[in-house]
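**Student:** what's the 3D shape of this:
(2 chains)
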Amino acid sequence: MENMKVHKKSLLKRILEHWVVYLFLAPAVLYIAIFCYGPMYGIQIAFRDYTIIEGITGSEWVGLDWFQRFFQSRMFGKILPNTLILSVYSLVAGFPMPIVLALMLNYAADKFKRVIQTASYLPHFISTVVMVGMVVAFLSPQNGFVNTIIKFFTGNTVYFMGKPEYFRHVYVWSGVWQGVGWGAIIYVAALSSVSPELHEAAIIDGATILKRMRHIDIPCIMPTMVILLILNFGSIMGVGFEKVYLMQNALNGDTSEVIATYTYKMGLIDQNFSYSSAIGLFNNVVNFILLVLVNKIADKLTGTSLW
Amino acid sequence: MARTRKNAIRKTKSDLVFLFFNYLLLSILFLIMVYPVYFVVIASVSDSVYVNSGDLLLWPKGFHTLGYEYVWGEQRIWLGYANTIFYAGVGALAGVTVSLMAGYGLFIKTLPGRGAIMGFMVFTMYFGGGLIPFYLLVKNLGLINTRTIIIMMSMVSVYNIILTRTFLNSTIPTDLMDAAFIDGCGYGRFFFTMVVPLSKAIIAVLSLYLIVGHWNSYFSPMLYLQDSDKKPLSLFLREILLVNAETVTQQTENAEEMEKYQRLLAIIKYAVIVVSTLPIMCIYPFLQKYFVKGVMIGSLKG
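**Tutor:** A predicted model of the protein is given here:
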C-alpha cells in the first residue's frame, strides 16, 4: 500500500519532499565536483603545451606528443618496470601474510592471541616519515642494529640503503612489518564468525587442525580474500608515493624511481606540467583498465566482484 | 587413528606439533613487532658513544637524557606538534560532519536520484585527474600555502561516506524510521535526534581514520605549504630524521656546537622518534575496538 502511494506521486513532488536530504548531500557532492571532477577537466593539459600565461584552455593543442615523448624516453623503460616489480613484489609478499597470521592466531589461546594482535597493530601507527627514519637508522652500516647483528656473524657490514639491489626488499618487507597486523584484522574477524559446530563436527571426524584450516577456515574467508585481492590489483600502478620518495637517495635511484615519484619531479620540480600530466594520465588509465579486467576475471572465476 | 577417534576431543599428535610451532612462530613474531620499537627507546636514553658504534642490542648502556634535552629545546618539534594537532582536530571534525551527513543522505532509500549520486561519487574512487591537474586547481583557487587546503585535502573520502551509509543500513531499524515519519518527524529532525546519537561507533571510527591520516600525512603539506609556522610535525621530522645532517647544522654557526650535534645526532634521532610517536602508541590499545569495528563495517557489502 505504502509503496503504491509513493509511486503515484510525481517525480517533482518526490524531489521536493526530499529537499532536506539533498541539503545533507550538498557539501560532499560539491566537494567531489570541485576537487575530484575539477582536476579531470584539467587533464586536457596532457594534450596541450601548457603555459601559465595561456591557461588550461588557451594553450596550444599538441595531441599525443607528450605521450610519445614519454614512451620514447629512456626513463619509460626504467620506471615502468620499477613500478610494476615493486608493486607485484609488495602484493605477493604482503597479501598472504595477514591471512597466515590470522589463521595462526585463530588457533592460539584467547589471552595470548590478544597480546600478539595488539603488538602486531603497533607498527601501523608509526607514521611514514618516522617509519623510514627508523629503517634508515636500523640499517645504517655504522650504527644500525641490523648491521651489528650481521657483523657479529659475518664480520662485514651491508649498506642497504645505498645499493639499488636492496631497495625493493627493504621497501617490501618494512611494508609487511608495518601492515601485517592491521591487514589481519579483517580475516581474524571473519574467522571468528565461523560456526564452532563446523569445527566440532570436523574434530569428531578426526580432522587435524591443518585439515580444518584447509576445508573450513579458508573456504570461509575466500570471499574476503577475493575482494581484497581485486582491490590490491586495482592499485598495482599506484605504488605509494610517500614511502618511495622518502627512501630514495642518490645511490638507489636505479630501482627506486617509480612513476609516481617521476611524475612529481617532472611536474612540480621541473615545472613541466603537461609532460607530467600525460604520465599521470597514462598511469591512471592503465590502473582503471586493470581494475575492471581483474574484477571481471574474479567475477567469472569465483562469483565475487566489486560491482 | 582408531585411538584418536575414541578420544575425539583430545588433541592428536599432529595437532600438538602444529600448536607447538604455532606458539613458537607467534612468539617470534611478537619479538619482531616489538623489538624495533624497544630498540628506539633504549637507544634514545643510552650514551651516544655506544649508539654511534652500534654496540647496543638488549638493554640501555650508560644513561643520558641529552637527546631529550635537545628535543625539549627544539622549537620546530613543538610548533609542528601544535600544527598537527590543529589539522587533525579540525580535519576530523569537518570530515566526520560531512561524511555523516552524506552517508545519511545516501541511506534514505526513497531519495530520487540516489543511484546517480552514488555513481557520481564511486567513480572518483577508481579514476582521478592526477597530481598536476589537482595542483593547478588548488593554485587557481588560491589555496596554496593556506591551512585550509591541508584540512580540505582529506576532508571528504568516498570510502568514508560509503562506510557511513553501510553502518546506518545495519544500525537504524526501518521500523524506527517509518514510525518517526508517521509521527511527522522530518528528515532533518530524524538525523539530529535519532541518527547522530546512534552513530557514536561510526563517528569514532571515522575520527580515528582521519586523525591517523593527518598524523601520517606529509606529501600534501610538503607540496602546498611554504611558511614553516604552518608546517605539521611530519615535515620537521623529515628534516631531522632524513635530510642530511649538514643542512640541519648550518643553523648553528658555532663549530663546537656543531661537532656536539654531530656526535649526538643518532640519539637525537631516536629521542625525536620516541617523542613524536609516543602519544599515538599510548592511545591505540584503547581504541582497538573501534578500528576493528571500522574494518568490519567496511567488509560488509551493500
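**Student:** alpha carbons only for contacts and neighbour counts from here, please
**Tutor:** Will do.
**Student:** what's the neighbour count on B:Ser48?
**Tutor:** 23 (other Cα atoms under 10 Å in any protein chain shown).
**Student:** Isn't it up against B:Ala266?
**Tutor:** Yes. Between B:Ser48 and B:Ala266 there is a contact at 7.3 Å, judged by Cα atoms under 8 Å.
**Student:** which stretches of the stretch 151-300 of chain A form helices?
**Tutor:** Shown for the stretch 151-300 of chain A, the helices assigned by DSSP state H, counting those that start in this stretch span residues A:164-192, A:196-204, A:209-212, A:218-234, A:241-247, A:253-256, A:259-264, A:273-302.
**Student:** Tell me the confidence at the nearest residue to A:Ala190 once chain neighbours are set aside?
**Tutor:** Nearest non-adjacent residue to A:Ala190, counting by Cα to Cα, 6 or more residues apart in numbering or on different chains: A:Ile221, 6.2 Å away. As predicted, A:Ile221 sits at a pLDDT of 87.
**Student:** residues touching A:Ile221, list them.
**Tutor:** With contact set as Cα atoms under 8 Å, 6 or more residues apart in numbering or on different chains, A:Ile221 has these partners: A:Tyr187, A:Ala190, A:Leu191.
**Student:** Distance from stretch B:173-188 to the middle of the chain?
**Tutor:** 36 Å (Cα atoms, centre = their mean, to the nearest Å).
**Student:** as a whole number, average confidence for it?
**Tutor:** Here the average pLDDT along stretch B:173-188 is 86.
**Student:** how about that stretch against chain A, any contact?
**Tutor:** Yes. Under the criterion of Cα under 8 Å from any Cα of the partner chain, stretch B:173-188 makes contact with chain A via B:Tyr187, B:Gly188.
**Student:** mind checking the end-to-end distance for that stretch?
**Tutor:** 17 Å (Cα to Cα, to the nearest Å).
**Student:** A:Leu103 against A:Ala189, yeah?
**Tutor:** No. Counting by Cα under 8 Å, A:Leu103 stays clear of A:Ala189, with 10.8 Å between them.
**Student:** coming back round to it: quick one: buried ones out of the contacts of A:Ile221?
**Tutor:** A:Tyr187, A:Ala190, A:Leu191 (16 or more other Cα atoms under 10 Å in any protein chain shown).
**Student:** For chain B, give me the ranges with low pLDDT.
**Tutor:** Scanning chain B for pLDDT under 70 picks out the ranges B:1-11, B:244-257, B:299-302.
**Student:** quick one, domains of it?
**Tutor:** Domain assignment for chain B by automatic domain parsing gives B:2-64, B:74-299.
**Student:** Any idea which of the contacts of A:Ile221 the model trusts least?
**Tutor:** A:Ala190 (84).
**Student:** what's the spacing between that residue and A:Pro219?
**Tutor:** 11 Å.
**Student:** All the helices of the stretch 1-150 of chain A, residue numbers only.
**Tutor:** A:2-8, A:11-17, A:19-32, A:38-42, A:55-58, A:65-72, A:76-94, A:96-106, A:110-121, A:128-139, A:145-154.
**Student:** Point out the most buried one among those helices.
**Tutor:** With neighbours taken as mean count of other Cα atoms under 10 Å in any protein chain shown, the helices of the stretch 1-150 of chain A reach their highest mean count in helix A:128-139, at a mean of 21.
**Student:** how far does that helix sit from the chain's center?
**Tutor:** 20 Å.
**Student:** tell me the mean pLDDT over that helix?
**Tutor:** Helix A:128-139 comes out at a mean pLDDT of 88.
**Student:** Need the contact partners of that helix.
**Tutor:** Here helix A:128-139 has contacts from A:143-147, A:159-161, A:174, A:242-243, A:246-247, B:216, B:218, B:234, B:237-238, B:241-242, B:273, using Cα under 8 Å, 6+ apart.
**Student:** what about dumping the CA coordinates of that helix to CSV?
**Tutor:** Output of helix A:128-139 as CSV, limited to C-alpha atoms (Å, rounded to 0.1, in the frame of the first residue of the first chain):
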residue,chain,number,x,y,z
THR,A,128,55.6,7.0,7.2
VAL,A,129,58.3,9.6,7.9
VAL,A,130,59.2,8.0,11.2
MET,A,131,59.0,4.6,9.7
VAL,A,132,61.5,5.4,7.0
GLY,A,133,63.6,7.2,9.6
MET,A,134,63.7,4.1,11.7
VAL,A,135,64.5,1.9,8.7
VAL,A,136,67.4,4.1,7.7
ALA,A,137,68.7,4.2,11.3
PHE,A,138,68.4,0.4,11.8
LEU,A,139,70.1,-0.4,8.5
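**Student:** Looking at the stretch 101-250 of chain A, which residue is nearest chain B?
**Tutor:** The stretch 101-250 of chain A approaches chain B most closely through A:Asn143 (3.8 Å), counting by Cα to the nearest Cα.
**Student:** hang on, that residue packs against B:Ser48?
**Tutor:** No. Using Cα under 8 Å, A:Asn143 is not in contact with B:Ser48, being 10.5 Å away.
**Student:** Need the nearest residue in space to B:Leu163, chain neighbours excluded.
**Tutor:** Nearest to B:Leu163 is B:Gly298, by Cα to Cα, 6+ apart, at 5.7 Å.
**Student:** Secondary structure element for the one you found, which one?
**Tutor:** helix B:255-299 (DSSP states H and E).
**Student:** between that helix and helix A:128-139, how big is the angle?
**Tutor:** Put simply, helix B:255-299 runs at 120 degrees to helix A:128-139, going by axes from the mean of the first three to the mean of the last three Cα atoms, to 10 degrees.
**Student:** Please compute how far helix B:255-299 lies from its chain's middle.
**Tutor:** 11 Å.
**Student:** what do you get for stretch A:204-220?
**Tutor:** For stretch A:204-220, the distance to the chain centre is 31 Å (Cα atoms, centre = their mean).
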